[in-house]
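[1] Kindly generate the corresponding structure for this input.
(chains A, B, C and D)
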There are 2 protein chains.
Amino acid sequence: MKPARRVSVKDVAAQSGVSFQTTSKVLNGGGSVSDVTRARILQAASDLGYVPNLQARSLVMQRTRTIGLIAGDFSDPNLSRFISGAEQEARRQGYSVIITSVGREGSGTEYALPAMMERRVDGILLAAPQMEEDLALAHVLDRTMPVVSLHHVPGEGVATVGSDDELAGLLATRHLVAGGHRTIATVIGGRGRQTTESRLRGYRRALEEAGLKFDEDLAEDGRGEIAGAQAATVRLFERRPEITAVFAQNDTMAIGVLSALQRIGKPVPDGCAVVGCDDIDMAAYTEPPLTTVHIPFYETGAEAMRLLLNMIATGSLVPRKVLLPVHLIPRGSSGRA
Amino acid sequence: MKPARRVSVKDVAAQSGVSFQTTSKVLNGGGSVSDVTRARILQAASDLGYVPNLQARSLVMQRTRTIGLIAGDFSDPNLSRFISGAEQEARRQGYSVIITSVGREGSGTEYALPAMMERRVDGILLAAPQMEEDLALAHVLDRTMPVVSLHHVPGEGVATVGSDDELAGLLATRHLVAGGHRTIATVIGGRGRQTTESRLRGYRRALEEAGLKFDEDLAEDGRGEIAGAQAATVRLFERRPEITAVFAQNDTMAIGVLSALQRIGKPVPDGCAVVGCDDIDMAAYTEPPLTTVHIPFYETGAEAMRLLLNMIATGSLVPRKVLLPVHLIPRGSSGRA
DNA sequence: GCGCGGGCGGCGAACGTTCGCCTAAGAACG
DNA sequence: CGTTCTTAGGCGAACGTTCGCCGCCCGCGC
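    Numbering: from 1, shown residues only, chains lettered A, B, ... in the order given. Below is the predicted model of the structure:
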């Protein structure tokens, strides 16, 4: 199964007739070695197909060039984009990423952290909404290791990179207000989540700006899913048939809203305008195309990784908090093309 | 930044007054050690917050309990589910997963492999369609390390786990035939891909079974995307207005087909039936809900990982080829609820 | 012709483990 | 009371690196 036993620096050394330490120097570019020996060593290394052992290197260097990524469900397309951005940035800087997911209700939390610590990751990137309230986690992380999180985490040592969710809610709702709507409902994501609360705050602020008052009856929980949003939409219109616009706090739910409206016979956008949030791929292709707020998940991932690697490089643990800007993308579902 | 310097087994040993080797024995459950010493050591370990260093362990054990996952774009929801399944299974068996993505056109290929080798992964899971034809890759992998791939890979040493794409095409098309359709078009994914070819084969076989002959004009390339599928649909109907059913080779394209049909004024399913493939979340919520073939991506990932870990455990390099079954999910878009 | 400096490369140690072998007691036994 | 067995635990080595120090030898300058 192993054709040639793993070749180490010693094998290369033997082949080229120098000590293995000298070989190491050459392979790392350093040291003062004559050009001929250098060439000979390099040649031998390539002949033998030498591949350095990062495990051993990490052992002496006391760092692994590895980042631990703790994520919620990978299948979430938004999270996927975040991960994609993070991984790419890590790679660009010569780091590897080791992943672990935690189940919906935090199962695996107690496993994830130890696994990362055992592997001596240089830092941790957190992208698990379900850990927002995990105090034990916060305690472990606090001041122990560089950590950047996509979501808010209790405790002080953790930096956060995210997008401006309040602005997202604000832009979406302002857009509807500008379209002349006065009775604007909203379908919110999971209650209690940071993202939800922020977007809701933006919604309220926009209403306030327009001199409209917030009405509890106009906010329904769609639990972040299509089916939940459908049900929420139905409830909203039963209660308040005069609604003329809905701000769905994410595009998935917006799709649910769209299909519910179709079912109850409200044409979009003339009977009811809809604005989503996230700008998933599909948003451009719903019927009608969905007006939404673009959330830069990919860039957020890259930025979070950048910040993390920077913290590692400088050894500074400044718990910064970065918010990336978002912008509205007007499409058919709100009446403007 | 580091509150207490990393605690090693030696620290634990010092604290409990035994040699570090004995400590190691205790921590690994082995060795013959009296109960009192054992307890003392365990206590010290927990007091000090000892976390074993897997790097060091790997060095001597000659295996890392790490699997390298080389994936195409993470943002692909199907791939995400595959990854999710794979990661979960790995975790269940005490392995970690380290990821790297390769760009659309194979960029990063030359990087991905060395990175995995340097980290001495125990095996590699390949989920990058763009590597199907990478011969250099195949050469490196061949007989060098356990590898399981989601897609076909040239060379002999690589096992494959996938879903039965031919069956998928067959079931989808049979369903349309059974619905009385005689002029059934298909929108295919990227030409030349294994998946595409297999599904197309299933489509042709179903036609054959029904005594219909395959017609080049009825197959259009939708390049796997919504927009591509829209364009393909338009081309199809310009050429053959008599089409009464479309098999879209994946659900994303099916959504494109649906929106194109709406635009050209063909009601679904009465004017034209549509069947997709993959069973993405959204499929149940299109208008009308999409009949599709369920592809078990999550299970495929888990199964692939299972096979890989099994290969590693037994040291056998039997290049098996596993196909997971698929099944049709009838919904509104094909006329049957 | 002698001393000295510098380029080249060797060598020991350390990183944190696991593993197998060895030994010092104490227990059991005749 | 001496011999052997067993048991608890020590010890050296190895895994594959990096790093700093040291010594050799050659060449140059006086």
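
[2] Quick check: end-to-end length of stretch A:261-273?
    10 Å (CA to CA, to the nearest Å).

[3] roughly how far is that stretch from the heart of the chain?
    The chain centre lies 33 Å from the centre of stretch A:261-273; the measure is CA atoms, centre = their mean, to the nearest Å.

[4] and that stretch, average pLDDT?
    Taken as a whole, stretch A:261-273 carries a mean pLDDT of 93.

[5] which residues are in contact with it?
    A:176, A:179, A:181, A:230, A:233-234, A:237, A:243-246, A:258, A:274, A:288, A:291, A:332-335, B:287 (CB atoms under 8 Å, 6 or more residues apart in numbering or on different chains). Yep, even glycine has a C-beta here, placed from its N, CA and C like the rest.

[6] Weed out the non-buried ones from the residues you listed.
    A:176, A:179, A:181, A:230, A:233, A:237, A:243-246, A:258, A:274, A:288, A:291, A:332-335, B:287 (16 or more other CB atoms under 10 Å in any protein chain shown).

[7] Looking at the residues you listed, which are in helices?
    Counting by DSSP state H, the buried ones among the contacts of stretch A:261-273 place A:Leu176, A:Gln230, A:Thr233, A:Phe237, A:Leu258 in helices.

[8] Now for the residues you listed: which two are most distant?
    Farthest apart among those by CB to CB are A:Leu176 and A:Gln230. That separation is 20.2 Å.

[9] that older thread, next, check the contacts of stretch A:261-273 against the strands and list the overlap.
    Among the contacts of stretch A:261-273, DSSP state E puts A:Ala245, A:Val246, A:Val274 in strands.

[10] TSV please, covering these and showing distance to A:Ser149.
    Formatted as TSV, the ones in strands among the contacts of stretch A:261-273 follow (distance: CB to CB, whole Å):
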residue	distance to A:Ser149
A:Ala245	33
A:Val246	31
A:Val274	31
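
[11] Buried residues, stretch A:301-318. List them.
    A:301-312, A:317.

[12] Quick check: of those, which lies closest to DNA strand C?
    A:Ile312 (17.9 Å; CB to the nearest atom of the strand).

[13] and the stretch 151-300 of chain A, which of its residues are near chain B?
    A:Ile226, A:Ala227, A:Ile255, A:Gly256, A:Ser259, A:Gln262, A:Asp281, A:Met282, A:Ala284, A:Tyr285, A:Glu287, A:Tyr298 (CB under 8 Å from any CB of the partner chain).

[14] which of these count as buried?
    Here, 16+ other CB under 10 Å leaves A:Ile226, A:Ile255, A:Gly256, A:Ser259, A:Met282, A:Ala284, A:Tyr285, A:Glu287, A:Tyr298 buried among those.

[15] which pair in those residues spans the largest distance?
    A:Ser259 and A:Tyr298, at 27.6 Å, using CB to CB across these.

[16] centroid residue for chain A?
    A:Phe82 (3.4 Å; CA atoms, centre = their mean).

[17] A:Met311 is in contact with A:Met305, isn't it?
    No. Between A:Met311 and A:Met305 no contact is recorded; they are 10.6 Å apart, counting by CB atoms under 8 Å.

[18] Return every residue with contacts to both of these two.
    Common neighbours of A:Met311 and A:Met305, using CB under 8 Å, 6+ apart, are A:Val148.

[19] Domain-wise, how is chain A divided?
    A:9-52, A:62-163+A:298-323, A:165-295+A:329-334 (automatic domain parsing).

[20] what pLDDT, on average, does the second one get?
    Averaged across domain A:62-163+A:298-323, pLDDT comes to 86.

[21] how about the nearest residue to A:Ala172, chain neighbours excluded?
    Spatial nearest neighbour of A:Ala172, excluding adjacent residues (CB to CB, 6 or more residues apart in numbering or on different chains): A:Val275 at 4.5 Å.

[22] need the contact list for that neighbour.
    Per CB under 8 Å, 6+ apart, neighbours of A:Val275: A:172-173, A:175-176, A:245-248, A:254, A:290-293, A:333-334.

[23] so how far is B:Ile255 from it?
    20 Å (CB to CB, to the nearest Å).

[24] wait, what's in contact with the residue nearest to A:Ile184 when sequence neighbours are not counted?
    Closest residue to A:Ile184 apart from its sequence neighbours, by CB to CB, 6+ apart: A:Ala245 at 4.6 Å. The contact partners of A:Ala245, taken as CB under 8 Å, 6+ apart, are A:Leu176, A:Gly179, A:His181, A:Thr183, A:Ile184, A:Ala185, A:Cys272, A:Ala273, A:Val274, A:Val275, A:Ser334.

[25] For those residues, give me a markdown table that also has distance to DNA strand D.
    Output for the contacts of A:Ala245, formatted as a markdown table (distance: CB to the nearest atom of the strand, whole Å):
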| residue | distance to DNA strand D |
| --- | --- |
| A:Leu176 | 59 |
| A:Gly179 | 62 |
| A:His181 | 63 |
| A:Thr183 | 66 |
| A:Ile184 | 60 |
| A:Ala185 | 61 |
| A:Cys272 | 64 |
| A:Ala273 | 61 |
| A:Val274 | 57 |
| A:Val275 | 54 |
| A:Ser334 | 58 |
